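Peer 1: Quick one, fold the following:
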Amino acid sequence: MPKPRIVLFSGELRNCPCYDTIFNSDFETASAASETDFLASIRQKNADAAIVCLCSADKEGVDVLVRLHALSGPLPVLVCSRSLNPHFVQTAARQGVNRFLRCTMRREEIQDILLEAIRQGGLREWLESCYPGSLDFSPRIRRLIDEIVHTFPHRVHESEMARRLGISQSWLQKLCRRAFRKSYTRLIRRIRVHQALRLMNRTALDNTEIALHLNYSEESSLARDFRKESGYTPSAARQLLARRSPEELLL
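Peer 2: Numbers count the residues shown, from 1 in each chain. The predicted structure follows:
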């Protein structure tokens, strides 16, 4: 299997103790020293995650993060810094940072956090970027997103999801329609198609392997969901991914 791809932003790589020992050793890493190159590399390299290294930044890099507000989107974004105070964490979270690394962490800890973000395939980031206003609608929406991310790709029935959230099925449907403009069933189907598109775009898996990876009983079920959500067959969508992103195919 190829190494996961990450794009690392750092003004001074030599001052990042994680670069040689972890990032450039365990992952396929493209580095950028300017904000413009960093954002361009994320698009061009088809990265699995983005890391902002602030190990050498003054004031923990708050000013750098503010300039990098465009990072919000369907990609896990991590910050690597020497310390994490509450003000820095709050500012970083507002700028689209999803997870935090400290240079003082053990190598295994950093690997686990980064690999977990990549394994989730940007699912949380995509949901939050597609429906940004939904997070303010109800605290249960954030809990719903948490449950979807943690249980994916297993199929969680509507009744089980309602039980996990401590609400009725009718209230779950109401939350989904108000926040996501879709029924719970339609939301989950769309998520599965989005993740299938990401796998097509980032791996060498064929359609049958993707169907198995996403817990479909057979490839025809995946194809049926593709036609309902995107209007394309999986094979046609795969060809379109050469010039369009997974998110664009689901507009």
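
Peer 1: Now do the helices in the stretch 51-200 of the chain.
Peer 2: Under the criterion DSSP state H, counting those that start in this stretch, the stretch 51-200 of the chain contains helices at 62-67, 86-94, 107-119, 123-130, 134-137, 139-151, 158-165, 169-180, 184-202.

Peer 1: Can you name every helix or strand that the second one contacts?
Peer 2: What that stands for is helix 86-94. helix 62-67 (3 or more CB pairs under 8 Å, 6 or more residues apart in numbering; DSSP states H and E). Yep, even glycine has a C-beta here, placed from its N, CA and C like the rest.

Peer 1: need the least confident one among the helices of the stretch 51-200 of the chain, by mean pLDDT.
Peer 2: Here these differ in mean pLDDT, and the lowest is helix 134-137 at a mean of 60.

Peer 1: Next, residue 8: phi, psi?
Peer 2: Per-residue torsions, residue 8: phi -110, psi 130 (degrees, to the nearest 10).

Peer 1: As CSV, the helices of the stretch 51-200 of the chain with mean neighbour count would be great.
Peer 2: Formatted as CSV, the helices of the stretch 51-200 of the chain follow (neighbours: other CB atoms under 10 Å):
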stretch, mean neighbour count
helix 62-67, 15
helix 86-94, 15
helix 107-119, 15
helix 123-130, 20
helix 134-137, 14
helix 139-151, 16
helix 158-165, 16
helix 169-180, 16
helix 184-202, 20
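
Peer 1: closest one to residue 77 among those?
Peer 2: With CB to CB as the criterion, residue 77 lies closest to helix 123-130 of these, at 7.4 Å.

Peer 1: Double-check residue 237 against residue 250; I have them as touching.
Peer 2: No. With contact defined as CB atoms under 8 Å, residue 237 does not reach residue 250; the gap is 9.7 Å.

Peer 1: Neighbour count: those two, which is higher?
Peer 2: The neighbour count for residue 237 versus residue 250, taken as other CB atoms under 10 Å, is higher for residue 237 (25 against 16).

Peer 1: pLDDT at that one, what is it?
Peer 2: 94.

Peer 1: And what about it, helix, strand or coil?
Peer 2: Secondary structure for residue 237, judged by DSSP: H, G, I helix; E, B strand; the rest coil, is helix.

Peer 1: about what we covered before: find residues that contact each of residue 237 and residue 250.
Peer 2: 197, 230 (CB atoms under 8 Å, 6 or more residues apart in numbering).

Peer 1: any chance of the helices of the stretch 51-200 of the chain in TSV, plus distance to residue 229?
Peer 2: Listed next are the helices of the stretch 51-200 of the chain as TSV, based on distance: least, CB to CB, whole Å:
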stretch	distance to residue 229
helix 62-67	34
helix 86-94	30
helix 107-119	23
helix 123-130	13
helix 134-137	19
helix 139-151	16
helix 158-165	18
helix 169-180	13
helix 184-202	4
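
Peer 1: Nearest approach to residue 78 belongs to which of those?
Peer 2: With CB to CB as the measure, helix 107-119 is the member of the helices of the stretch 51-200 of the chain nearest residue 78 (6.5 Å).
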